[in-house]
Structure formats: structure tokens, C-alpha cells
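J.: how would this look folded up:
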Amino acid sequence: MVVQFFADECVAGQIVDGLRQRGHDVVSAYEVCRGEPDSNVLSLAAAAGRILITDDQGFGELAIRLSQPAAGVVILSLSQLPAGVREQYAVERIEEVANQIAAHLVIIEPGRTRLRPLPRREQN
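T.: Numbering: from 1, shown residues only. Okay, here's the model as predicted:
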């Protein structure tokens, strides 16, 4: 399944490249909106229907507590892993849950992946 992702600028290029090599459509904030505030990055991703990938926990607060619209958010909490291993691990875990992450907050940690549905927004 091909998933459309929006990688926050903090996401390593190896992760972006690894997902692209596996056939996913990945836009990188580093390439298109470097330096934008987190709320703008999440808005851009949501407007495009793309799942945001980041290592910034603040996006979880934006999507869950503040109910900012999001197609999905993947938070990589992998700083304990060595560089090189971290990037490969992230690509593999994202690939494993790719068909489940729409409309979810996904936390990827060493040894586990947690999924939580995002709040549903009422239609006017």
C-alpha cells in the first residue's frame, strides 16, 4: 500500500529516502517549508491529506489535545538507538503499520509501536 507522507524537517534524509525507495510518496518539510512553525507544518500536511512523520512530541499535543486537523501523525521516539540503526528501524516500523496509520497518532519506540485514534472533528 502506497501512503502519502509529509516528513517534518527534523526527520533524517535516510528515512525520507528509505520510504521513497519502498514506493511511498514523501514530501519533506526540509525541501518545501523549512523553518515553518509546527502548527503550519501540520496544517500543510493535513490539507494535502498526508501523514506527518516527526520526532517532535509537540505534534502529538497539537493533534490530540488541541485537536488540530491531521490526516495522521507518526512520532519517532528512537533517540536511544544508534544512528544508522535508528533510520532503518523507523522505515521498517512505518512500513509495518502503513495501512493502519491514517487518522491515528502513532508512537514508534524501540521494541513497540503504539496507535491511538485522533479525535474526530465535527462537520459543520
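
J.: how about residues contacting stretch 25-43?
T.: Here stretch 25-43 makes contact (CB atoms under 8 Å, 6 or more residues apart in numbering) with 2-9, 11, 13, 16, 19-20, 44, 48, 50, 52, 56, 58-59, 62-63, 68-70, 73. For every residue, glycine as well, the C-beta is placed using N, CA and C.

J.: stretch 11-18 now?
T.: With CB under 8 Å, 6+ apart, stretch 11-18 has contacts from 7, 26, 28, 30, 53-55, 76, 86-88, 90-91, 94.

J.: picking up where we left off before, among the contacts of stretch 25-43, which ones are in strands?
T.: Counted as lying in strands by DSSP state E, out of the contacts of stretch 25-43, are 4, 5, 6, 7, 52, 73.

J.: how about the second one, what does it touch?
T.: For residue 5, the contact set (CB under 8 Å, 6+ apart) comprises 19, 24, 25, 26, 27, 50, 51, 52, 53, 74.

J.: ok, the closest residue to residue 117 other than its chain neighbours to residue 89 distance?
T.: Counting by CB to CB, 6 or more residues apart in numbering, residue 117 lies nearest to residue 104, which is 5.7 Å off, once chain neighbours are set aside. Residue 104 is 19 Å from residue 89, where distance means CB to CB, to the nearest Å.
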